[in-house]
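> 3D model of this:
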Amino acid sequence: MRMSRRELALGAAALIVPIFPAHAARRFDVRDHGAKGDGIAIDSGAINAAIEAASRAGGGTVILPRGRYLCFSIRLKSRVTLLLGEGAVIEAADPARHGGRYDLPEAGIEQLYQDFGHSHWRNSLIWGDDVEQVAIIGPGLIHGLGLTRDGPGARWKKQAGERPLSMQGMTAAEIGHLEPDAAMMQGLGNKAIALKNGRDIHLSGFTILKGGHFAILATGTRDLRIEGLTIDTERDGIDLDCVRNVVVERCRVNSPNDDGIVVKSSYALGRAIAAENILIRDCDVSGYDMGSLVDGTKRTTQEIAPDRDRVTGRIKLGTESNGGYRNVRIEDCRFTRCRGLALETVDGGVMEQIVAQRLTMRDVTTAPLFLRLGDRRRGPEGTGVGAIEGVTIRDVDARGIDHRFPAAIAGLAGHPIRDVTLRDVHLSYRGGGTVADAARRPQELPDVYPEPSMFGVLPSWALWARHVDGLAIDRLTVETMAADQRPPFALEDVQRFSVRNTPLWR
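Coordinates of the predicted model:
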């Protein structure tokens, strides 16, 4: 018996093993609800109808077979799997061209301590609010052509530390282009996938190209698993904000203009909530030209990110850090042509029980390792200085590092970073520092936005540490590819210090 193309497509989609087996019992083809998949008709209404039907039936799998589905907001429901079949593309519609709009951003959200993007979820291509047992799976593509990467900054009165020092020379017009007024965001979509609260959520197998401000924003979400995704985007890749019990593994994230995989603990839910029990494993982050990871060319023409530092990429904890971080593991990950690992708390939160191990870095565009305890205090009255304590970094091989930025561990006078271990770390720099660089004495800059470039060129080329209580170094090897006139190491106000098996240490 010869099967039709539609039957073949549906059959191929059905072969994908569902995350939730109970969802497999009921299948809902979006074409049965009016979806065209022709790249011309707006199909979000039909997809939402299929999701609603699956939800009313007690749960099920909504199937998008091969086709290009032009969409505004798609609303996730509990106990529903969205299956993106081979050749299925969800394209973000453009309100300026397609005669529609995305769901409006939530009203009444206090946006004092985090920017517009972190403060809203419904103005997204795909969003879920307080949903349970939800999955998006399959080999298809989410193409955010009609999304915007922009949005207003926080309405924080102090404003110091709102933007990196590298942006100081930008004009008001240039800042306004990146941070338009909130009124201009009405009807626009600025995230590919947004999840607020909810639990037991799985994202697996698909690709996101050009994901807006966030390819994935998960806020207050519990029991979240993200695996096997490819993300090639113009701003943040995966943002995990105030989350608990999360695994991110086997993902490739290319984000030259912002962070690749980032853990945060903002005030977006109206209170300080720790991000805790997070595992980031076997992932690749990079800063290739946007789109060139997906097409395989891995181009390297872009040199500067919008903050006027070199391209970003990287894995980071911060900058939003009101609730702090607890029990975070980053392991077996690769950084290519991007900034290095950044561990930051500047808004009163405590960072503790952090392990980063078996990391490989190539062509590092700022510091390979950057630990910063700052005093920005972007939070309500009474927000204090946070803490960093109990950080272990081991088995790191970083090469091709920008000579200006050694590994840096920077606490505050009276508030040192405590108990940091560096073990089996190899750092290879390009070299080129001068005698004048060696004489520099970096300012304290307690309330400045944390970035490795904030202190300028540092007075040592391998490791710089200031205001640290408890630093143990074992088997740290360092080298430069060209001569560097600075000493390899510089320590200031470092207590309880030990070093072993480190040949260049004097």
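> what is the least confident helix or strand in the chain?
Least confident helix or strand of the chain, by mean pLDDT, DSSP states H and E, is helix 5-14 with a mean of 49.
> helix or strand right after that helix?
strand 27-29 (DSSP states H and E).
> partner strands of the lengthiest strand in the chain, parallel or antiparallel?
The longest strand of the chain (DSSP state E) is strand 463-480. Strand pairing for strand 463-480, using DSSP bridges, gives strand 407-410 (parallel), strand 417-429 (parallel), strand 489-500 (parallel).
> hang on, isn't Val425 packed against Leu476?
Yes: using C-beta atoms under 8 Å, Val425 is in contact with Leu476, at 5.0 Å. The way it works is simple: take the backbone N, C-alpha and C, and place the C-beta from them, glycine included.
> and the helices in the chain?
Shown for the chain, the helices assigned by DSSP state H span residues 5-14, 44-56, 95-98, 116-119, 172-178, 435-438.
> my read: Trp121 touches Ile109, true?
No: the pair Trp121 / Ile109 is not scored as a contact, 9.4 Å apart, by C-beta under 8 Å.
> who has more neighbours, these two?
Ranked by neighbour count (other C-beta atoms under 10 Å), Trp121 and Ile109 place Trp121 first, with 26 against 15.
> let's see the pLDDT reported for Met290.
pLDDT, Met290: 97.
> which ones are touching the closest residue to it other than its chain neighbours?
Excluding the flanking residues, the one nearest Met290 by C-beta to C-beta, 6 or more residues apart in numbering is Glu234, at 5.2 Å. Contact partners of Glu234, counting by C-beta atoms under 8 Å, 6 or more residues apart in numbering, are 149, 210-212, 255, 257-258, 290.
> pLDDT score for Glu234?
In this model, Glu234 carries a pLDDT of 96.
> same question for Leu178.
Model confidence at Leu178, given as pLDDT, is 69.
> once you drop chain neighbours, what's closest to Gly198?
Val131 is the one closest to Gly198 (C-beta to C-beta, 6+ apart), at 4.5 Å.
> so the one you found makes contact with Ile201?
Yes: with contact defined as C-beta under 8 Å, Val131 counts as touching Ile201 (7.2 Å).
> which neighbours do those two share?
Residues touching both Val131 and Ile201 (C-beta under 8 Å, 6+ apart): Leu195.
> list the contacts of Thr336.
Applying C-beta under 8 Å, 6+ apart, the residues near Thr336 are 284-288, 313, 361-363.
> any chance of those in JSON lines, with distance to Lys158 and neighbour count too?
As requested, the contacts of Thr336 are exported to JSON lines (distance: C-beta to C-beta, whole Å; neighbours: other C-beta atoms under 10 Å):
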{"residue": "Asp284", "distance to Lys158": "37", "neighbour count": "20"}
{"residue": "Val285", "distance to Lys158": "31", "neighbour count": "31"}
{"residue": "Ser286", "distance to Lys158": "34", "neighbour count": "26"}
{"residue": "Gly287", "distance to Lys158": "31", "neighbour count": "28"}
{"residue": "Tyr288", "distance to Lys158": "36", "neighbour count": "23"}
{"residue": "Gly313", "distance to Lys158": "29", "neighbour count": "30"}
{"residue": "Met361", "distance to Lys158": "34", "neighbour count": "26"}
{"residue": "Arg362", "distance to Lys158": "38", "neighbour count": "16"}
{"residue": "Asp363", "distance to Lys158": "36", "neighbour count": "19"}
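> sorry, back to before: can you give me the buried ones in the longest strand of the chain?
Buried residues in strand 463-480, counted by 16 or more other C-beta atoms under 10 Å: 463-471, 473, 475-476, 478, 480.
> same thing with stretch 187-198?
Result for stretch 187-198 [16+ other C-beta under 10 Å]: buried residues 188-198.
> next one: stretch 294-304
Applying 16+ other C-beta under 10 Å to stretch 294-304 flags 294, 302 as buried.
> for the residue lying closest to Lys316 once chain neighbours are set aside, give me the pLDDT.
Of all residues not flanking Lys316 in the chain, Ala342 sits nearest, at 4.2 Å (C-beta to C-beta, 6+ apart). pLDDT for Ala342: 98.
> identify the bridge partners of Ala342.
Lys316, Phe370.
> just checking, it touches Pro452?
Yes: counting by C-beta under 8 Å, Ala342 touches Pro452, with 7.5 Å between them.
> quick one: Arg155 from Glu179, how far?
11 Å (C-beta to C-beta, to the nearest Å).
> ok, now Val253?
24 Å.
> just want to know which of these two has more residues nearby.
A count of neighbours by other C-beta under 10 Å puts Val253 above the other of Val253 and Glu179, at 29 against 17.
> wait, what's in contact with that one?
215, 229, 231, 233, 237-238, 260-261, 283-286, 313.
> now, the most widely separated pair of the residues you listed?
Leu229 and Gly313 (15.5 Å; C-beta to C-beta).
> in terms of pLDDT, where does Gly161 sit?
62.
> actually, Ala53.
98.
> which ones are touching the residue nearest to Lys316?
So, once contact is read as C-beta under 8 Å, 6+ apart, Ala342 ends up touching 314-318, 367, 370, 372, 450, 452.
> how close does the closest residue to Pro416 other than its chain neighbours get to Asp419?
Residue nearest to Pro416 in three dimensions, not counting chain neighbours: Asp469, with 4.1 Å by C-beta to C-beta, 6+ apart. Counting by C-beta to C-beta, the gap from Asp469 to Asp419 is 8 Å.
> okay, and the common contacts of those two?
With C-beta under 8 Å, 6+ apart, Asp469 and Asp419 have no common neighbours.
> quick revisit: what touches both of Ala342 and Pro452?
Common neighbours of Ala342 and Pro452 (C-beta under 8 Å, 6+ apart) are 367, 370.
> related to what we said a few turns ago, among the buried residues of stretch 187-198, which lie within strands?
Using DSSP E, these in strands are 191-196.
> and those residues, which is closest to Val247?
The closest of these, once distances to Val247 are taken by C-beta to C-beta, is Leu195, at 14.8 Å.
> could you find the closest non-adjacent residue to the closest one?
Ala218 is the one closest to Leu195 (C-beta to C-beta, 6+ apart), at 4.5 Å.
> any idea what the one you found is bridged to?
Going by DSSP bridges, Ala218 forms beta bridges with Leu195, Leu240.
> need the residues that contact stretch 456-464.
So stretch 456-464 is contacted by 403-410, 427, 429, 431, 433, 437-442, 476, 478, 480, 484, 486-491, 504 (C-beta under 8 Å, 6+ apart).
> which among these count as buried?
By 16+ other C-beta under 10 Å, those give 403-410, 427, 429, 431, 433, 437-438, 440, 442, 476, 478, 480, 484, 486-490 as buried.
> any low-confidence regions in the stretch 51-200 of the chain?
157, 159-161, 175-178 (pLDDT under 70).
> let's see it at 90
Applying pLDDT under 90 to the stretch 51-200 of the chain flags residues 107-112, 150-185.
> and the strands in it?
Counting by DSSP state E, counting those that start in this stretch, the stretch 51-200 of the chain has strands at residues 60-64, 67-71, 74-75, 80-84, 88-92, 126-129, 132-137, 141-143, 191-196, 199-204.
> cool, and the stretch 301-450 of the chain?
313-321, 325-338, 341-345, 350-364, 369-373, 387-401, 407-410, 417-429.
> mind checking how far the last one is from the chain centre?
Spelled out, it's strand 417-429. 23 Å (C-alpha atoms, centre = their mean, to the nearest Å).
> now do Leu165 against Glu179, distance only.
17 Å.
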